[in-house]
Structures are given as structure tokens and as C-alpha cells.
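>>> coords please:
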Amino acid sequence: MAGVGAAAVALAPTLASCTRAGEGASLDDLREQGFVRVGLANEIPFGFVDAAGEAAGQSPAVAQAVFEELGIPEIVATSTSWDGLIPGLQNDQFDILAAGVFITPERCQEVAFSEPTATAPEAFMVEAGNPLGIQHFEDIAANPDIRLAVLNASVEQTYAEYFGVPEGQMELIPDQTTGFEMLENGRVDAVSMLKVSHEYLLMERGGEFDVTEPFYPVMDGKEEKGWGGLCLRSGDQEMLDEVNRVIAEFTESGRLLELGEEWGFTDADLPDGTSTSELCEG
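This is a model prediction of the structure:
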């Protein structure tokens with residue numbers, strides 16, 4: 001993907017040492033050093049490391065374009081486990097997260113989110129033909145023989161717990177690839193993730209699997225349409241305001257759609273006026 005991975009992932013630890021540990025880089029700091037350190041969790045197509053060792057996916061593409069507009073020409077990506085993203089941002093391993101992290105009230109207590117950049121419905125990857133008839137978390141809760149893989153600390157884990165999937169039926173995984181390999185090896189019967197993530201991974205890896213019909217879970221009478229955005233440290237209002245200014249310009253101009261189209265995102269997946277403040281309030 002041209003321009004998204006401007007520096008190899010392997011360089012990230014060395015370059016990161018240029019930023020003052022524990023303090024968090026300001027926008028001026030990032031302009032001076034010429035790059036921004038990005039955390040992602042290898043979830044195709046939201047944010048992952050490609051075969052060349054560079055950042056790829058919808059969220060890194062948005063981050064690259066936004067920070068170029070703000071005078072910072074490069075992003076340097078580091079992949080970590082899903083449950084290591086927010087701690088890594090808080091501990092100054094990253095300047096931002098570009099991983100399609102969904103905006104939730106709980107996460108809003110820990111980090112600052114940009115305005116939304118994309119959404120996508122849930123689905124399951126299952127054996128071809130879906131012999132166990134899995135369409136919803138409730139189907140898994142109703143069948144004690146079904147084993148489900150979910151990203152640790154993800155919204156999918158929250159959904160599974162809400163709909164009654166016992167802990168003993170869940171395999172908590174660090175990344176998307178692990179779930180795919182567990183399905184290949186017969187260690188799980190389904191992987192819970194976003195529909196677009198499953199579909200893109202199947203295009204990349206192949207395999208005799210199906211992706212179930214997409215859906216938005218309904219919890220407490222409310223459809224849970226999750227929205228992802230860029231994550232920043234809490235407290236740097238200047239950087240957050242500038243990032244949101246550029247995202248608003250991209251949304252209005254159609255650039256946000258262009259950045260997502262290569263990764264399977266459509267108009268239906270783009271911001272619909274739902275604000276981060278609404279999502280943080282729940």
C-alpha cells in the first residue's frame with residue numbers, strides 16, 4: 001500500500017527512543033522528529049503488518065493521511081497483542097493507536113478517541129457449510145460443545161459474555177491470525193470478529209471456511225453499532241482537536257471513503273453523524 005508504511009516495523013523500537021519516555025510527545029515534538037509511532041494489532045483489514053513489514057489497512061491509512069496533513073510525513077508501526085494496545089499507549093510505547101479500536105464508555109476512561117472513522121457489523125468465521133448453525137452468540141451459548149475464539153479484551157468478548165457464552169467455551173486469542181489457525185486446526189468451531197476482517201483474511205489466506213451473515217448485536221434494547229477511531233493519550237487536547245479537524249475535512253471531501261475503499265469499506269461503513277461524545281456516554 002503506497003505511502004502507508006513509510007518505515008519498517010523493525011525500526012520502531014530504535015526510533016521510539018527519540019521520544020521522551022513517560023511524557024508523551026506533543027504535536028510539535030512529532031513534527032520535529034518527523035514520524036509518529038503507531039500501535040496496531042494485526043487485524044486485517046483495520047490495521048496490520050504486511051509482507052514487507054510495513055503498516056497496512058484502513059486505520060493506518062487514515063493515520064498516515066491525517067498526520068501528513070499535520071506536517072508529520074512518516075508513521076512507524078509496531079504490532080502488539082490486542083489487549084496490549086491501550087497499555088502500550090498509556091506507557092508511551094506508541095503515540096497513537098491505529099487499529100480500528102471501537103469507542104466504548106469504558107475505553108473512553110482510559111484514552112482519548114478521535115471522531116469515528118469507520119464501522120462494520122459482526123460475523124463468525126466457521127467451517128464451510130456452517131454445520132453447527134452458528135449465526136449469533138446465543139447459538140453458541142445454547143450449545144455447550146461449541147468453542148469460540150475471541151480477541152482478548154475486545155468488544156466481541158463483551159458481546160459473548162453478555163449473551164451468556166460460558167468462559168469455558170471461549171478461547172481468548174491475542175490476534176486474528178491465531179484465531180484463524182485455531183479454526184484450521186479444529187481447536188475452535190468459530191471465530192468472532194468483524195465481517196470485513198474475516199472476508200479480507202480469507203482473501204489473503206484462503207481456506208474452506210464460510211463467513212456468516214453480518215449483524216449488529218442488540219443489548220439492553222439498543223443496537224450496538226460499533227465505531228472505530230484513532231486513539232490518543234488523554235490530556236493532549238491540541239493534538240486531538242487537530243486530528244479531528246482533519247478527519248472532518250476528509251469526511252466532507254470524500255477522502256475518508258477513498259482511504260477505506262482499498263480495504264473493503266463502503267459508504268455504509270463511514271461516519272453517519274454519530275459523535276465520539278455520544279459513544280463515550282453509551
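>>> bridging residues for A77?
On the basis of DSSP bridges, A77 is bridged to V38.
>>> An error on my part: the question was meant for F113.
Under the criterion DSSP bridges, F113 forms beta bridges with C231.
>>> can you tell me which residues contact it?
Counting by Cβ atoms under 8 Å, 6 or more residues apart in numbering, F113 touches V101, I103, R107, G229, L230, C231, L232, T276, L279, C280. The C-beta positions use only the backbone N, C-alpha and C, and glycine is treated the same way.
>>> name the element the last one belongs to?
When you say that, I think you mean C280. For C280, the host element (DSSP states H and E) is helix 276-281.
>>> how about that helix: buried residues?
Using 16 or more other Cβ atoms under 10 Å as the burial criterion, the residues of helix 276-281 that qualify are T276, L279, C280.
>>> Tell me the buried residues in the helix ranked longest in the chain?
For the chain, the helix reaching the highest residue count under DSSP state H is reported as helix 237-253. By neighbour count, with 16+ other Cβ under 10 Å as the criterion, the buried positions of helix 237-253 are M239, L240, E242, V243, N244, V246, I247, F250, T251.
>>> which one of those residues is nearest L27?
Within the set of these, M239 lies nearest L27; the separation is 4.7 Å, counting by Cβ to Cβ.
>>> ok, how many other residues are close to the nearest residue to the closest one once chain neighbours are set aside?
With sequence-adjacent residues excluded and distances taken as Cβ to Cβ, 6 or more residues apart in numbering, M239 is closest to L27, at 4.7 Å. Burial measure for L27: 20 neighbouring residues, criterion other Cβ atoms under 10 Å.
>>> L27 reaches Q237, doesn't it?
No: taking Cβ atoms under 8 Å as the contact criterion, L27 and Q237 are not neighbours in contact, 10.6 Å apart.
>>> overlap in contacts of the two?
Among the neighbours of L27, none is also in contact with Q237 (Cβ under 8 Å, 6+ apart).
>>> re the thing from before, got the CA coordinates for the helix holding C280 in CSV?
Taking only C-alpha atoms (Å, rounded to 0.1, in the frame of the first residue of the first chain), the coordinates of helix 276-281 have been written out as CSV:
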residue,chain,number,x,y,z
THR,A,276,-17.4,10.3,19.9
SER,A,277,-19.0,12.1,22.9
GLU,A,278,-22.3,10.1,22.3
LEU,A,279,-20.4,6.8,22.1
CYS,A,280,-18.4,7.7,25.3
GLU,A,281,-21.6,8.3,27.1
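>>> If you average the pLDDT over it, what comes out?
Computed over helix 276-281, the mean pLDDT rounds to 96.
>>> Give me the distance between it and the centre of its chain.
Here the centre of mass of C-alpha atoms in helix 276-281, compared against the chain's by Cα atoms, centre = their mean, to the nearest Å, lies 18 Å away.
>>> Enumerate residues external to that helix that contact any of its residues.
Contacts made with helix 276-281 from outside it, assessed by Cβ under 8 Å, 6+ apart, are listed as I103, T104, P105, C108, F113, S114, E115, P116, W227, G229.
>>> again, only using 10 Å
The set of residues that contact helix 276-281 without belonging to it, under Cβ atoms under 10 Å, 6 or more residues apart in numbering, is 102-109, 112-116, 225-227, 229, 240, 244, 275.
>>> Please tabulate the contacts of F113 in a markdown table and include distance to S81 as additional columns.
Conversion of the contacts of F113 to a markdown table gives the following (distance: Cβ to Cβ, whole Å):
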| residue | distance to S81 |
| --- | --- |
| V101 | 13 |
| I103 | 20 |
| R107 | 16 |
| G229 | 20 |
| L230 | 19 |
| C231 | 15 |
| L232 | 20 |
| T276 | 25 |
| L279 | 24 |
| C280 | 24 |
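>>> Run through the helices of the stretch 1-150 of the chain in chain order.
Listed in chain order, the helices of the stretch 1-150 of the chain (DSSP state H, counting those that start in this stretch) span 12-16, 27-33, 58-69, 85-90, 105-108, 137-141.
>>> May I have the fifth one exported as PDB, CA atoms only?
It refers to helix 105-108. Extracted in PDB, the C-alpha atoms of helix 105-108 (Å, rounded to 0.1, in the frame of the first residue of the first chain):
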ATOM      1  CA  PRO A 105     -17.500   4.200  27.600                       C
ATOM      2  CA  GLU A 106     -15.000   2.000  29.400                       C
ATOM      3  CA  ARG A 107     -12.200   2.800  26.900                       C
ATOM      4  CA  CYS A 108     -13.100   6.500  27.000                       C
END
